[in-house]
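In: dropping a prediction and its sequence here:
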Number of protein chains: 2
Amino acid sequence: MGYTKRVESVFEIIAEPNRRAILSLLVSSHQSVGEIERRLRMPQPTVSKHLRVLREAGFVESTVDAQRRLYRLKPEPLQEVDAWLAPFRQFWSAHVDALERHLDRMDQSAPTKRKTGRRRRGPNRKPDKGETK
Amino acid sequence: MGYTKRVESVFEIIAEPNRRAILSLLVSSHQSVGEIERRLRMPQPTVSKHLRVLREAGFVESTVDAQRRLYRLKPEPLQEVDAWLAPFRQFWSAHVDALERHLDRMDQSAPTKRKTGRRRRGPNRKPDKGETK
DNA sequence: GCTTTATATACCTTGACAAGCATATACTCT
DNA sequence: AGAGTATATGCTTGTCAAGGTATATAAAGC
């Protein structure tokens, strides 16, 4: 041990379905390993191993309660994911606007007045030729 | 060739760093394969392979422009990630509130026992016995 | 037609990782 | 101390995905 700690990105951590399940379970309140094991119906070593990964990546932390260990969520890593997502949200709203304008054009009788600035995402857009194989 | 339509979860798709880079590149505007190759400095087959994965997972779509293919972002899959994150945002705000209250209490007492990294959780918690190997 | 440019795919090798099982550690209670 | 409970870790194995290299497809220009 003790080599360079393999710093996996937060995205690799949450790529694993069982780990996402554990995180979703912990969002409401903390849980012991046994409770997680029971509620998610996965073998105990599997739970422990995933918890270890989550702990070392900072997604969770544990406190000792007699023989039990209570795991609880920590916010930072998932906030990092949220931060990565931020630029794309901009894109979504623009995309929705474009869709609205398109629908407006199709429905030429619409009397509703919208005051939305025109936004185009690129100069020189050629007509879309599908290309969905 | 058999098409093994392996339906990977959106999380597995974005676990790959190069794919995240491609997505981030496409968020501003569409790009051809060659531009992606050049700007991200990765070999062309690598780009094409990742684009294929992204395309089949619905993250991007392509249009033909002569010999080129222009790839652009599609919103839905990343919105799915965003949706998964939603419950955790609730948790963050609660957590931040609790931390603020806690820091307020600390400032009232504690004669400059500032030691970076010291952290206690919640009110009347048992002493934390390390548990970070 | 042939050559150049642009992109996709096939094949192979390598490495990472998750599951399964067994076992070790640690705490509690009688 | 010994038994029971709760959790962690070691080891092995199978799977799968990513990168590298070579090649195939396709359109453009001469």
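Out: On my side now, so go ahead. Residues are numbered from 1 along each chain as shown, chains lettered A, B, ... in the order given.

In: for the closest residue to residue A:36 other than its chain neighbours, phi and psi?
Out: With sequence-adjacent residues excluded and distances taken as Cβ to Cβ, 6 or more residues apart in numbering or on different chains, residue A:36 is closest to residue A:47, at 5.2 Å. Heads up, the C-betas are built off the backbone N, CA and C, glycines and all. Main-chain dihedrals, residue A:47, degrees, to the nearest 10: phi -60, psi -50.

In: next one: residue A:47 from residue A:32, what distance?
Out: Relative to residue A:32, residue A:47 is positioned 10 Å away (Cβ to Cβ, to the nearest Å).

In: so those two - more neighbours on which side?
Out: residue A:47 (20 against 16; other Cβ atoms under 10 Å in any protein chain shown).

In: make sure that one is actually in contact with residue A:38.
Out: No. Using Cβ atoms under 8 Å, residue A:47 is not in contact with residue A:38; the gap is 9.7 Å.

In: residue A:28: what secondary structure?
Out: coil (DSSP: H, G, I helix; E, B strand; the rest coil).

In: quick check: the gap between it and residue A:63.
Out: For residue A:28, the distance to residue A:63 - Cβ to Cβ - is 17 Å.

In: ditto for residue A:11
Out: Distance from residue A:11 to residue A:63, by Cβ to Cβ: 27 Å.

In: more neighbours: which of these two?
Out: Per other Cβ under 10 Å, whichever of residue A:11 and residue A:63 has more neighbours is residue A:11, with 21 against 18.

In: measure how buried the residue in chain A that chain B sits nearest to is and give me the count.
Out: The minimum distance from chain A to chain B, using Cβ to the nearest Cβ, falls at residue A:15 (3.8 Å). Around residue A:15 there are 20 other residues, counting by other Cβ under 10 Å.

In: please name the bridge partners of the closest residue to residue A:63 other than its chain neighbours.
Out: In space, and not counting its chain neighbours, residue A:63 is closest to residue A:70: 5.1 Å by Cβ to Cβ, 6+ apart. Beta bridges link residue A:70 to residue A:32, residue A:63 when assigned by DSSP bridges.

In: let me know the pLDDT of residue A:70.
Out: Listed pLDDT for residue A:70 reads 97.

In: residues contacting it?
Out: A:30, A:31, A:32, A:62, A:63, A:64 (Cβ atoms under 8 Å, 6 or more residues apart in numbering or on different chains).

In: make TSV from these and add pLDDT and distance to residue A:88 to it.
Out: Formatted as TSV, the contacts of residue A:70 follow (pLDDT from 0 to 100; distance: Cβ to Cβ, whole Å):
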residue	pLDDT	distance to residue A:88
A:30	95	31
A:31	97	32
A:32	97	37
A:62	97	33
A:63	96	36
A:64	95	40
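
In: now the lengthiest helix in chain A: how far from the chain's centre is it?
Out: If you go by DSSP state H, chain A has its longest helix at helix A:76-106. Centroid displacement of helix A:76-106 relative to its chain, using Cα atoms, centre = their mean, to the nearest Å, is 15 Å.

In: how many neighbours does residue A:86 have?
Out: Residue A:86, neighbours per other Cβ under 10 Å, totals 9.

In: separation between it and DNA strand D?
Out: 23 Å (Cβ to the nearest atom of the strand, to the nearest Å).

In: cool, residue A:44 as well?
Out: Counting by Cβ to the nearest atom of the strand, the gap from residue A:44 to DNA strand D is 5 Å.

In: I'd like to know how many residues surround the residue nearest to that residue when sequence neighbours are not counted.
Out: Take residue A:44 and drop its neighbours on the chain: the residue closest to it by Cβ to Cβ, 6+ apart is residue A:37, 5.0 Å away. Number of residues near residue A:37 (other Cβ under 10 Å) recorded here: 17.

In: still on that earlier bit, report pLDDT for the residue of chain A closest to chain B.
Out: Confidence score, pLDDT, at residue A:15: 97.

In: just to revisit the earlier point, buried stuff in the longest helix of chain A?
Out: A:77, A:78, A:79, A:81, A:82, A:84, A:85, A:88, A:91, A:92, A:95 (16 or more other Cβ atoms under 10 Å in any protein chain shown).
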